[in-house]
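>>> Here is a sequence with its predicted model. Questions after.
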Amino acid sequence: MRIDPRKCVACGNCVSVCPMSAIAVDPATNRARVNTDECVECYACFNGMSMEKLNPFFVRTVRSFLQIFRLRFDPEPDVCPTSAILPDELAWPRVVRRAFSDPQVTHESTGVHGRGTEEVKTNDVTNRVSVGEVGYVVEFGRPTVGVRFRDIEKMTMALATLGIEFEAKNPVTHMMTDRTTGKLRDDILNEKILSAIVEFKTPAAAMNTVLRRVEEVSKSLDTVVAVGVSTRCDDSGDSALDDLLSEQGYSYVRGKTNLGLGRVTAS
Ligand code: SF4
Ligand code: SF4
């Protein structure tokens, strides 16, 4: 994303819209500017604001004139008055920023919007996680911190040594050059994205080792990490997770319960 300095009138409206704090008004030039290294191409500024087409010269003149009388002309807070915010033509590898950060973009690898799959939300029909297994989502970068792929790779490579099985349909898995080692493509490692989710599963007995490893690696990353675990309950509605989590001192809530009312299309 970039801002056309010929059009920008430095109203500052776009500054607070950016979740990465990548936009600032440069006092030297009196124009807003995008820090392209920090910008994750989420399009929140471009899609989230109304673009008006006021003449920049006219707006600057009015603002300067009113300043003499200690008055201000400010556009509505969700408006860029001069349509100064312009999307760039994104090439590889930068285009992965948008694929992982703009919720309106369909990810080519999964065919769904956003960062992950449907996870366990549709487990009653996908049977992705069976009784006695644990499914995991390890989420990076939310809210408003972002993450670079090199930090995600540190986690995936550390987890791969435990012999886990990465979810094949997950977008991060698609970025791996070797799913047995968790290695990601070298050319995307410096790309920053709004957030990402790594998905995998293990037998229930491995859960505590996995969670300890996630906790350990998280401390060395320049982002925030959140973990969710899931399983399939047995016929009486119980799961091994309740005891396993309590024994290890994790507090938890049954955040989402899938009642199994879906149509079974896989076994
Ligand atoms: S909203 Fe538009 S005119 Fe205002 S600072 Fe941002 S780019 Fe410049
Ligand atoms: S595209 Fe997103 S990250 Fe980039 S400047 Fe706009 S709001 Fe900020």
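Cool, got the structure. Ligands and ions are numbered 1, 2, ... in the order given.
>>> how deep is the closest residue to ligand 1 within the stretch 151-267 of the chain tucked in, by neighbour count?
Here the stretch 151-267 of the chain gets closest to ligand 1 at one residue, Leu194, 19.6 Å apart by C-beta to the nearest ligand atom. Every C-beta, even on glycine, is put in place using the N, C-alpha and C of the backbone. Other residues lying near Leu194 total 26 when counted by other C-beta atoms under 10 Å.
>>> so what's it up against?
In this structure, Leu194 makes contact with Pro19, Met20, Val40, Cys42, Phe100, Ser101, Arg115, Gly141, Arg142, Gly146, judged by C-beta atoms under 8 Å, 6 or more residues apart in numbering.
>>> a markdown table for those, including secondary structure and distance to Phe57?
As requested, these are arranged in a markdown table below (DSSP: H, G, I helix; E, B strand; the rest coil; distance: C-beta to C-beta, whole Å):
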| residue | secondary structure | distance to Phe57 |
| --- | --- | --- |
| Pro19 | coil | 31 |
| Met20 | coil | 31 |
| Val40 | coil | 32 |
| Cys42 | coil | 31 |
| Phe100 | helix | 38 |
| Ser101 | helix | 34 |
| Arg115 | coil | 42 |
| Gly141 | coil | 40 |
| Arg142 | coil | 41 |
| Gly146 | coil | 36 |
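>>> Of those residues, which ones also sit close to ligand 2?
Restricting those to those near ligand 2 by C-beta under 6 Å from any ligand atom leaves Met20, Val40, Cys42.
>>> Same list, the contacts of Leu194, but as JSON lines with pLDDT and neighbour count please.
Conversion of the contacts of Leu194 to JSON lines gives the following (pLDDT from 0 to 100; neighbours: other C-beta atoms under 10 Å):
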{"residue": "Pro19", "pLDDT": "96", "neighbour count": "20"}
{"residue": "Met20", "pLDDT": "97", "neighbour count": "21"}
{"residue": "Val40", "pLDDT": "97", "neighbour count": "26"}
{"residue": "Cys42", "pLDDT": "96", "neighbour count": "27"}
{"residue": "Phe100", "pLDDT": "92", "neighbour count": "31"}
{"residue": "Ser101", "pLDDT": "93", "neighbour count": "26"}
{"residue": "Arg115", "pLDDT": "62", "neighbour count": "24"}
{"residue": "Gly141", "pLDDT": "96", "neighbour count": "28"}
{"residue": "Arg142", "pLDDT": "91", "neighbour count": "18"}
{"residue": "Gly146", "pLDDT": "97", "neighbour count": "28"}
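>>> I'm done for today, thanks for sticking with me.
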